[in-house]
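Engineer: Kindly return the folded structure for what I paste below:
(one chain, ligands or ions: 1)
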Amino acid sequence: MQKLNRVLLKLSGESLLGAQGHGIDGEVLSRYADEIREAKETGTEIAIVIGGGNIFRGVRGATQGMDRVQGDYMGMMATMINSLALQDALERKGVHTRLMSAIRMEQIAEPYIRRRAIRHLEKGRVVIFGAGTGNPYFTTDTAASLRAIEIEADAILKGTRVDGIYDSDPEINPDAKKFESISGDEVLKLRLSVMDLTAFTLCRDNKIPFLVFDMNERKNLARVISGEPVGSRVHW
Ligand code: UDP
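Structural biologist: This next block holds a predicted model:
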């Protein structure tokens, strides 16, 4: 595969938990910042969407009787907390960043403006998109797909704790088979839970490639960006 020139990296909030049961593990954050810095040094433009599942998810609140929309806004705020933490970790390592929020909060983040986001990327800044899509009933996977399409990224890179897409859960089934490359149709047919259907449909309709790789393996992000066959690739 060719080197990727502009990517959208999606990190889950849960990945920031590390060994802790809650919140943000500083060691994981620092490691991710190193990975992003090294990947950035290859010259690729990097935008990031980070989830909020380590802090709050709207559906979790709803199961306890909370209004779903209220809970979803709390989830979006959670993504802002993670985004601020990641921005801090990156800046401390000398990486220039901009945080853009889908919900206006001018004192801490720029409002999301597509043209401005692209300009930041062209100037070599890492752009973090916070507050998801800004709408309840969506996920940060959908925000990642939407923003990736808007900024015309070459691919969405989903950094997870597994090294790709398997035909069954590798953490449960030791004989699970990994796909190096798989078509979107096959993902649907086999009902593989790669991302939620809204996010998936956006990727399919706009034919944007999607890669799943292990973010905890050193230098993996830089390798994916340089076009090495790391993880699994969904093609259309
Ligand atoms: N959320 C939302 N709209 C969005 C993105 C996120 O309402 O566009 C809320 C939703 O409640 C979600 C939470 O923010 O559960 C955290 O995001 P997500 O669950 O996608 O985080 P991840 O699983 O990646 O940690």
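Engineer: contacts, neighbours, all on C-alpha from now
Structural biologist: Will do.
Engineer: Enumerate the residues of this structure near the ligand.
Structural biologist: Residues of the chain found near the ligand (CA under 6 Å from any ligand atom) are 12-14, 51-54, 57-58, 71-73, 75-76, 132-141, 143.
Engineer: If you go by neighbour count, which of those residues are buried?
Structural biologist: 12-14, 51-54, 57-58, 71-73, 75-76, 132-134, 136, 138-141, 143 (16 or more other CA atoms under 10 Å).
Engineer: Using the three-state scheme, assign the residue lying farthest from the centre of the chain.
Structural biologist: Computed with CA atoms, centre = their mean, the residue of the chain farthest from its C-alpha average is residue 65, at 28.8 Å. Secondary structure, DSSP: H, G, I helix; E, B strand; the rest coil: residue 65 is coil.
Engineer: Relative to residue 113, how far out is residue 148?
Structural biologist: 14 Å (CA to CA, to the nearest Å).
Engineer: who's more crowded, these two?
Structural biologist: residue 148 (26 against 11; other CA atoms under 10 Å).
Engineer: Could you tell me which of the residues of the chain next to the ligand belong to strands?
Structural biologist: With strands taken from DSSP state E, there is no overlap with the residues of the chain next to the ligand.
Engineer: which element is residue 19 on?
Structural biologist: When elements are assigned from DSSP states H and E, residue 19 belongs to no helix and no strand.
Engineer: now the strands: where do they sit in this structure?
Structural biologist: 6-11, 45-50, 97-101, 110-111, 126-130, 155-160, 165-166, 178-179, 181-183, 210-214, 232-235.
Engineer: could the ones you listed go into a markdown table alongside distance to residue 34 and mean pLDDT?
Structural biologist: Formatted as a markdown table, the strands of the chain follow (distance: least, CA to CA, whole Å; pLDDT from 0 to 100):
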| stretch | distance to residue 34 | mean pLDDT |
| --- | --- | --- |
| strand 6-11 | 14 | 98 |
| strand 45-50 | 13 | 98 |
| strand 97-101 | 14 | 98 |
| strand 110-111 | 24 | 98 |
| strand 126-130 | 13 | 98 |
| strand 155-160 | 14 | 97 |
| strand 165-166 | 25 | 96 |
| strand 178-179 | 27 | 96 |
| strand 181-183 | 27 | 96 |
| strand 210-214 | 15 | 96 |
| strand 232-235 | 23 | 96 |
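Engineer: Which helix or strand in the protein has the lowest average pLDDT?
Structural biologist: Counting by mean pLDDT, DSSP states H and E, the chain has its least confident helix or strand at helix 58-63, which shows a mean of 91.
Engineer: distance between that one and the chain's centre?
Structural biologist: 22 Å (CA atoms, centre = their mean, to the nearest Å).
Engineer: next one: stretch 130-137
Structural biologist: That offset, for stretch 130-137, works out to 14 Å (CA atoms, centre = their mean).
Engineer: Quote the end-to-end distance of it.
Structural biologist: Start-to-end, stretch 130-137 (CA to CA) is 16 Å.
Engineer: what does that stretch contact?
Structural biologist: Contacts with stretch 130-137, where a contact means CA atoms under 8 Å, 6 or more residues apart in numbering, come from 49-51, 69, 72-73, 76-80, 83, 99-103, 138-140, 142-144, 146.
Engineer: quick one: the longest helix along the chain to strand 126-130, angle?
Structural biologist: In the chain, assigned by DSSP state H, the helix with the most residues is helix 68-92. With axes from the mean of the first three to the mean of the last three CA atoms, to 10 degrees as the basis, helix 68-92 and strand 126-130 are set at 160 degrees to each other.
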